[in-house]
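Engineer: sequence plus the predicted model coming up.
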Amino acid sequence: MQDGAISFLPGENGCYSAVKPFARDGGTVNSRHFEDDILDLMHESIFTRALDGRILSWNKASEQLYGWPKEAALGRDTHEFLNTECDVGLDAAQKTLSDAGAWEGSLARQTAEGLEVVVEARWSYLRDTNGDPVAIAETGTDITERRRTEEALRLSEHRYHNLFQAMAASFWELDFSAVDEILRRVYRAGNTDFPRYFRDHPEVIREMMRATRVVDVNDETVKLFGRDGNKEELLHNVDPFWPQESNGDYIAGVLSAVSGANNYSVETKLRAIDGRVFDAHFTACYPPDTMGKGTLLIGVMDLTARNNAFAALDRMRADMAHAARVSMLGELAASIAHEVNQPLAAIATNGAAGLRWLNRPEPNLEEVRTLTDHIVSDARRAADIVARIRGMASSRAPKPVPLSLNDVVSETAQFLRHEIKAHKAELNLALARGLPMVMADRTQMQQVVVNLAMNALQALPQGPGNSRRVNIGTGLQGGEVLLTVEDSGTGIADAHLDHLFDSFFSTKEQGMGLGLPVSRSIIESAGGRIRAGAGTSLGGACFSIVLPAFGAEAETCPLA
Amino acid sequence: MSEPCISVIDDDESMRSAILGLLRAAGYQATGFGSAEDFLAADDSVRFSCIVSDIQMPGISGLELKRTLAADGCDTPVVLITARSEADLTDRARESGALCLLRKPFEADSLLNCIDKALAG
C-alpha cells in the first residue's frame, strides 16, 4: 500500500478501523463511522478479514456485490461464507500474499442468491506498528459480465477459426484496403463507367490484384492452391491465382463489394500456385464489420470433379444419341440404298448414252453436252445424300447453334422422301411463318424429327382403304416454338403411355427402344420438353415438342 | 410396221430422262411418263412395243401395272427396274410376267439387251 492511501489499523473491541496515515502525526481521528462512510462511498467491494479468515468489515459495495448485509457477513469465515474458488488454488494465493505481501487474481464466489460471480480481487496485509500483519484487506470488482462477454467472444472466435480451418472448402482472408485506394484514384481521374474502364485497362485489374493482400488461408486452400503443403508462398497477393481469362470475374467481385452488396459468387477459373488452372466456384462475403477494417472472406470450391462428371455425362449422352442415330440409319438402310442408287443409275445410264453419241461416225456433241450436264447434277445429288447420311452417322460432339425448326423439318422430309414413299404414306407439312429460332444441335434435332416421323410411319395401318397420313407442324405456343408430329395410326395404348420414354422400351420387333429416350434427352438438353398424347385430327398418336425461342425471328414474313 | 416405240415410266425425273437419252442414242423412239397412272391414261398406250417401268412409285407400282395390263389382255413386254434391294423382288417380278428385272444402277447394255429381247419376242 502506498503512502497517502487509506490504511486499516486495529481499533477497539478487536476490530480494525480505517485511519488516515497523517493521523499518526496529527492525532487520531477516532471516528469509525466517518471511515465507514468513506468506504461505503467506494464503488469497489472492500472488506477486511482477520488472519484466520473472519470478516471484520464489509462496505456497501460488498453488500451489493455479494447480496449479504453487513450484519450477516461480519464474523463469518470469508471463503466458507462466499464459497470462494480460485483458479490458482486458495493455498497458492495465500502463499503469494505471505511471501509478497499482496495477491491479485480472479475469484469465483457465490452470492446470497446462490448466483456465481467472478471477482477481480486484490489482497493486501494490514500491519501493526511493528510491521507485522494483523489483517487482510480485499478489494474486488465484479467482472462476471466481462468474463461472460470474453467467453462468448472466445467461443465465437473458436467457432470461426474451426469453420475457417476445418471446412472442406478453401477459405481466404483478404485485405483489400489498397484496392480501395486504386478505385478512388481511377474515379478521381474522371472514370465513372467502371466496367468499361476495366475492360480497356486490364493492367489496372492486375495492379488491384497485386494490391489485394492475402492475410490468411486455411489448410484446404493450401491443399487446393499450394504445392508441397507450403502455406507461406500463398500469403502475398491474389495476382497469381487469377488467370487472365478470369479478369472480368475478379473485377465484377470488386465492383459488387463497393456497390454495397452483401456477397458475390461466380463460377470461374482460378489458378493454383504451380500454374494449374481449374474450374472453381468463388464466393466473397462482405460483412460490414470486417469491411470497415478492409478485410473480407473468400470461399473457393473446386469444381473440377463436378465438371468432369458433367462432361462425362455429356459425352455419354452424345454417344447414346449417336448409337441411336446409327441404329436409325440401319433401319433406313434400304431407303438410303434406294436413294443413292437412283442418281448413280442415272449417271451410269447417261454416261452410256453419251458414249454411244460419241462413238457414232459423226459424234453428236450437243447430245453429249446435255448428258454431261445431267451427269454433273446427278453426281451432286448423290453427294448431297451421302453428306446427309454422313452428318447422321457422325459422332462429333453436339454443337448448339441457332436453328430454324422449319428448316430442320424440311431437311427431315428430304431425308425420309423414300421411306415415306416405301410406306405409301402422305406427308403434310404445316410450317408456321415468322417462327423464332431455337438453340440446338442441327444433327440431333434432325435425329429427333426423323425418329418421330419414322415412328409415325411405322404406326400407320396396313392394307388398302386405310388413311396413311403423317402431319408435321410448327408454331408458337406461349412464346415457345412448338413442333408436332401426328399420324393416322392406331394411337398409343394407355398402358404404354407411361413407358414410351423409358430406355429399351419398344413395341416394335426391330426397335432398340432408344429412339424416344434419346429424343427426350436431346430436347431436354436444349431446354425443351417432349410429350406424347392422343386425340389428334388424324386419330393416331401425337408427339409434341416445345423449345425455348432464341433471339430474333427466323423469318420476317408476316403470318400468311 | 412403224419404228418401235418404247415407253419409259419412272417417277424419278433424272432417271427417266437418262433412260430416254440412252434409248434415243441407241436409235429407238421413246416417250416418258412420271407414273403408271399417266401411262394408262394416255389414249395411244397400245402403240408402244415395250414398256420400261420402275417398280417403286407412288400410286400404281410397276408390278401392279404389269398385272393390270395382263388383266386387260395387253401383252406388251415389260422390263422392270428398281433401286431397291429386297431379294424377293426378282421372284415377284417373274411372277407378274415381266420380261426382265434390272437393279439400279445397271449396265446400259443390260437394258438394251432386255429391250432387244422384248422387241424380238
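Structural biologist: Thanks, I have it.
Engineer: which residues does the closest residue to chain B within the stretch 101-250 of chain A contact?
Structural biologist: Closest residue of the stretch 101-250 of chain A to chain B, C-beta to the nearest C-beta: A:E245 (53.4 Å). To be clear about C-beta, it is placed using only N, CA and C from the backbone, and glycine gets the same treatment. Neighbour list for A:E245: A:K269 [criterion: C-beta atoms under 8 Å, 6 or more residues apart in numbering or on different chains].
Engineer: which SSE is immediately downstream of the helix or strand hosting A:S156?
Structural biologist: Using DSSP states H and E, A:S156 sits in helix A:144-166. Downstream of helix A:144-166, the next assigned helix or strand under DSSP H and E is strand A:170-175.
Engineer: other SSEs contacting the helix or strand following that following strand?
Structural biologist: Remark: after strand A:170-175, the chain's next helix or strand is helix A:177-188, criterion DSSP H and E. Under the contact criterion of 3 or more C-beta pairs under 8 Å, 6 or more residues apart in numbering or on different chains; DSSP states H and E, helix A:177-188 touches helix A:194-200, helix A:202-211, helix A:247-258.
Engineer: just name the most buried of those.
Structural biologist: Ranked by mean neighbour count under mean count of other C-beta atoms under 10 Å in any protein chain shown, the helices and strands packed on helix A:177-188 are led by helix A:247-258, which reaches a mean of 19.
Engineer: ok, residues contacting that one?
Structural biologist: With contact meaning C-beta under 8 Å, 6+ apart, helix A:247-258 is reached by A:176, A:179-180, A:183, A:194-195, A:198-199, A:202, A:205, A:208-209, A:238, A:242, A:264, A:266, A:268, A:282, A:284, A:286, A:291, A:296.
Engineer: just stretch A:155-164 next, same as before
Structural biologist: Here stretch A:155-164 has contacts from A:F171, A:E173, A:D216, A:N218, using C-beta under 8 Å, 6+ apart.
Engineer: stretch A:415-434 now?
Structural biologist: A:332, A:334-336, A:338-339, A:388, A:392, A:406, A:409-410, A:413, A:446, A:450, A:453-454, A:457-458, A:460, A:468-476, A:553-560, B:56-58, B:84.
Engineer: same check on stretch A:221-239?
Structural biologist: A:170-172, A:174, A:206, A:209-217, A:241, A:250, A:270, A:272-274, A:300, A:302.
Engineer: redo that, cut-off 7 Å
Structural biologist: By C-beta atoms under 7 Å, 6 or more residues apart in numbering or on different chains, the surrounding residues in contact with stretch A:221-239 are A:170-172, A:174, A:206, A:209-214, A:217, A:241, A:272-274, A:300, A:302.
Engineer: stretch A:65-75 too?
Structural biologist: Under C-beta under 7 Å, 6+ apart, the answer for stretch A:65-75 is A:45, A:54-55, A:58, A:63, A:81-82, A:109, A:111-113, A:117, A:140, A:142.
Engineer: apply 6 Å and report the result again.
Structural biologist: The contact list for stretch A:65-75, computed with C-beta atoms under 6 Å, 6 or more residues apart in numbering or on different chains, reads A:S45, A:R54, A:I55, A:W58, A:E63, A:T111, A:A112, A:E113, A:D142.
Engineer: tell me the buried residues in it?
Structural biologist: Within stretch A:65-75, the residues that count as buried by 16 or more other C-beta atoms under 10 Å in any protein chain shown are A:L65, A:Y66, A:W68, A:K70, A:A73.
Engineer: helix or strand right after the one helix or strand A:R369 maps to?
Structural biologist: Taking DSSP H and E as the criterion, the element that holds A:R369 is helix A:365-393. Next along the chain after helix A:365-393, taking DSSP H and E as the criterion, comes strand A:401-403.
Engineer: skipping adjacent residues, who's closest to the residue of chain B found nearest chain A in space?
Structural biologist: Here the residue of chain B nearest chain A is B:A108; by C-beta to the nearest C-beta that distance is 2.9 Å. Leaving aside its chain neighbours, B:A108 sits nearest to A:A352 (2.9 Å; criterion: C-beta to C-beta, 6 or more residues apart in numbering or on different chains).
Engineer: I'd like to know how far that neighbour sits from B:L112.
Structural biologist: To B:L112, A:A352 is 9 Å away according to C-beta to C-beta, to the nearest Å.
Engineer: who has more neighbours, those two?
Structural biologist: A:A352 (21 against 17; other C-beta atoms under 10 Å in any protein chain shown).
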